[in-house]
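Visitor: could you work out the structure for the sequence below:
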Amino acid sequence: MSRRRRPGLELAAGCTLAIAALFLGNGLPAVADPGEPSPRPRREIPPEMLASMQRDLGLTADEARTRISNEYRAGAAEPELRKSLGGAYGGAWVSGNTAELTVATTDEEQSGTITAGGAKAAVVKNSLEALTDAKDALDRTAAQRAPAIHVASAWYVDVKTNSVVVQSAEPDEAAAFVAASGADQAVVRIVKSAEQPKPLYDLRGGEAFYINDAARCSIGFSVTQGTQNGFVTAGHCGDPGDTTTGFNRVAQGSFQGSSFPGNDYAWVSTNADWVPQPWVIGPESTTVTVSGSQQSPVGSSVCRSGSTTGWHCGTIQQHDTSVQYPQGTVSGVTRTNVCAEPGDSGGSFISGSEAQGVTSGGSGNCTVGGTTYYQPVNPILTTYGLTLTTG
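Guide: Sure, this is the predicted structure:
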């Protein structure tokens, strides 16, 4: 009997327990609150926000409060000033620790209008409309030549310098790109830059991932080991050294540790493109935030998220169960009456906002119901020295 069976293949049929393995699927994050109509009621600034602004922007608490207030006022004043200046409008920005508003114009005679509106005036050569036209020309050329064009890493309207900035590691090639676009070269600045932008993707419990470009399992919970990001999942999903790609087939990481049978746990380290989030994909593509990993007692409600069948709930029936799989015995798992199917393996079990474990195996399915076992998460964290990502 082999040590493990690659996910994606049922381990047994009939009444014998089968370990879930692969499927596809992707949830979407919850839609953000669209906000409140202006004017907004006065609110206390969350202390966590103040602390973060002090840490990252080098502000005092008073400066942080003033900055937030001034930024709100600037956002309210700018549309009216833009309308008043018409075609002469050159853009707006805030600066300094307390976010003082500056509004630009190509017409010096409009400076009084700007100062009367509570902002500092700046007289510039190019209107925002002219800068935007140049940037649009670059966009059109890039779209026509994509994906061959890699001569520039980014381009944008920089209202502070009254120009369109093109960032590139190859300035000569970037200049040819600008010329080919037909953009007004007088308003464009080429800045040498080594930046190589790339997309970032969230690690979320219940999301699909692929092993060695073939088999498929589900993410359990986001974790860190020191500065290394990653996630926990089921041990039968992969061996140390197996590579993973995300739900979108983008390179993701590799298995660093795995135990099966005996236990059924593993952890995967991920590359810098993947950001650990304290989220589990919940019902109707919402997200459930993980706050900790306190074990819930027998009888507690518990829900599971997996890439095959999504979100299903039930109750915890027994802890510290030993279950006999075809590959051998797995001990210390928790038995539930939550359904699961192949592909849900490794996915999250959560009770309220407390992480409970990762899906191991079971019997039945989500049409007729069934029994599913999960590997408790805390032993995984302890074994590999991992820290659960919480919100």
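Visitor: when you work out contacts or count neighbours from here on, use the C-alpha atoms and nothing else.
Guide: Will do.
Visitor: and the longest helix for the protein?
Guide: helix 61-85 (DSSP state H).
Visitor: for it, buried residues please.
Guide: By neighbour count on 16 or more other C-alpha atoms under 10 Å, the buried set for helix 61-85 is 63-65, 67-68, 70-71, 74, 77-78, 81-82, 85.
Visitor: what's the answer for stretch 247-264, then?
Guide: Result for stretch 247-264 [16+ other C-alpha under 10 Å]: buried residues 247, 251-264.
Visitor: closest to Arg189 among these?
Guide: Ala251 (34.6 Å; C-alpha to C-alpha).
Visitor: nearest residue to that closest one other than its sequence neighbours?
Guide: Once flanking residues are discounted, Ala251 sits nearest to Thr245: 4.5 Å by C-alpha to C-alpha, 6 or more residues apart in numbering.
Visitor: Thr287 too?
Guide: Excluding the flanking residues, the one nearest Thr287 by C-alpha to C-alpha, 6+ apart is Ile281, at 4.7 Å.
Visitor: need phi/psi at the one you found.
Guide: When read as degrees, to the nearest 10, the backbone of Ile281 gives phi -70, psi 120.
Visitor: that one and Ser307, how far apart?
Guide: Distance of Ile281 to Ser307, given as C-alpha to C-alpha, to the nearest Å: 9 Å.
Visitor: which residues do those two both contact?
Guide: By C-alpha atoms under 8 Å, 6 or more residues apart in numbering, Ile281 and Ser307 have these common neighbours: Gly206, Glu207.
Visitor: on that earlier part again, tell me which other helices or strands the longest helix of the chain touches.
Guide: Secondary-structure packing of helix 61-85 (3 or more C-alpha pairs under 8 Å, 6 or more residues apart in numbering; DSSP states H and E): helix 47-57, strand 89-95, strand 100-105, helix 111-116.
Visitor: so which of those gets nearest Val166?
Guide: It's strand 89-95; of the helices and strands packed on helix 61-85, that one is closest to Val166 (C-alpha to C-alpha) at 18.3 Å.
Visitor: what comes up buried for stretch 45-53?
Guide: By neighbour count on 16+ other C-alpha under 10 Å, the buried set for stretch 45-53 is Leu50, Met53.
Visitor: neighbouring contacts of that stretch?
Guide: Leu59, Ala61, Ala64, Arg65.
Visitor: hang on, the first one in a helix?
Guide: Just to be clear, that refers to Leu59. No. Per DSSP: H, G, I helix; E, B strand; the rest coil, Leu59 lies outside any helix segment and is coil.
Visitor: just to revisit the earlier point, now the helices and strands packed on helix 61-85 in TSV, with distance to Pro276 and mean pLDDT?
Guide: Putting the helices and strands packed on helix 61-85 into TSV (distance: least, C-alpha to C-alpha, whole Å; pLDDT from 0 to 100) gives the following:
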stretch	distance to Pro276	mean pLDDT
helix 47-57	19	85
strand 89-95	32	94
strand 100-105	35	96
helix 111-116	45	95
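Visitor: can I get those in a markdown table with distance to Thr227?
Guide: Below are the helices and strands packed on helix 61-85 laid out as a markdown table (distance: least, C-alpha to C-alpha, whole Å):
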| stretch | distance to Thr227 |
| --- | --- |
| helix 47-57 | 19 |
| strand 89-95 | 33 |
| strand 100-105 | 37 |
| helix 111-116 | 48 |
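Visitor: which of the ones you listed sits most buried?
Guide: strand 100-105 (a mean of 24; mean count of other C-alpha atoms under 10 Å).
Visitor: what helices or strands is it leaning on?
Guide: helix 61-85, strand 89-95, strand 120-123.
Visitor: ok, and the closest non-adjacent residue to Gln256?
Guide: Nearest to Gln256 is Pro240, by C-alpha to C-alpha, 6+ apart, at 4.9 Å.
Visitor: please enumerate the helices of this structure.
Guide: Under DSSP H, the chain gives helices at 47-57, 61-85, 111-116, 128-145, 171-181, 377-384.
Visitor: comparing the ones you listed, which gets the lowest mean pLDDT score?
Guide: Set side by side, these differ in mean pLDDT, and helix 47-57 is lowest with a mean of 85.
Visitor: got the angle for that helix vs helix 61-85?
Guide: Inter-element angle recorded for helix 47-57 and helix 61-85: 80 degrees (by axes from the mean of the first three to the mean of the last three C-alpha atoms, to 10 degrees).
Visitor: distance between helix 47-57 and the chain's centre?
Guide: Put simply, helix 47-57 sits 21 Å off its chain's centre (C-alpha atoms, centre = their mean, to the nearest Å).
Visitor: same question for stretch 63-80.
Guide: For stretch 63-80, the distance to the chain centre is 28 Å (C-alpha atoms, centre = their mean).
Visitor: quick one: residues in contact with it.
Guide: Contacts for stretch 63-80 (C-alpha under 8 Å, 6+ apart): 45, 50, 53-54, 92, 94, 97-101, 103, 117.
Visitor: perfect, I'm done here.
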